[in-house]
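*Asks:* no sequence on this one, just coordinates:
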């Protein structure tokens, strides 16, 4: 993207504190934003990822980038969100990667496929605790410490309805 936006600061939010960790700390990170997993096709995903812009049925309602707080170093790969169904408004989803809460009133920034961005305030204390935790192991396949974050149905529904994936193009 550098040839289109030649300024490295566009990938770092000034409110992201991870840049202040020593470079030897796994939590040290410069980039704040990660692309959506189903759009980036990481190696651990099935091959039915979304490949073409036309596959996004409602671009104004589908994320491209999330402001994440991945503590494994530089927002490894993509930002992921798992499971869930539209029939349940994605309240049956689970967090895979942590959202951020860098801004006033525990909010995070999201960019959408139509080019707009939104600041979203988290509604549930479990989501906020998950986002604010600075434990490097909080992201990944299992997050036993923050299983309670899965009870944040309002936040899960907000993200799930906007997260692009084959069941939610």
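*Replies:* Thanks, I have it. This one's a predicted model, so the numbers in the text were calculated from it and none came from an experiment.
*Asks:* the strands in the chain, which residues?
*Replies:* 33-35, 63-67, 81-82, 94-95, 107-112, 117-121 (DSSP state E).
*Asks:* where in the protein is pLDDT low?
*Replies:* Scanning the chain for pLDDT under 70 picks out the ranges 1, 12, 26-32, 40-51, 70-77, 140-151.
*Asks:* how about the strands of the chain in CSV, adding distance to residue 53 and mean neighbour count?
*Replies:* To be clear about C-beta, it is placed using only N, CA and C from the backbone, and glycine gets the same treatment. What follows is the strands of the chain, written out as CSV (distance: least, C-beta to C-beta, whole Å; neighbours: other C-beta atoms under 10 Å):
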stretch, distance to residue 53, mean neighbour count
strand 33-35, 14, 20
strand 63-67, 10, 23
strand 81-82, 20, 20
strand 94-95, 27, 20
strand 107-112, 13, 20
strand 117-121, 18, 13
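*Asks:* in stretch 3-11, which residues are buried?
*Replies:* Residues of stretch 3-11 classed as buried by neighbour count (16 or more other C-beta atoms under 10 Å): residue 11.
*Asks:* how far off centre is that stretch?
*Replies:* What separates the centre of stretch 3-11 from the centre of its chain is 20 Å, taken as C-alpha atoms, centre = their mean, to the nearest Å.
*Asks:* so what would you say the end-to-end distance of that stretch is?
*Replies:* Using C-alpha to C-alpha, to the nearest Å, one end of stretch 3-11 lies 14 Å from the other.
*Asks:* do stretch 7-15 as well
*Replies:* 17 Å.
*Asks:* contacts only, for the closest residue to residue 155 other than its chain neighbours.
*Replies:* Closest residue to residue 155 apart from its sequence neighbours, by C-beta to C-beta, 6 or more residues apart in numbering: residue 127 at 4.3 Å. Residue 127 makes contact with 95, 99, 149, 152, 155 under the criterion C-beta atoms under 8 Å, 6 or more residues apart in numbering.
*Asks:* distance of residue 127 relative to residue 166?
*Replies:* Distance of residue 127 to residue 166, computed by C-beta to C-beta, to the nearest Å: 25 Å.
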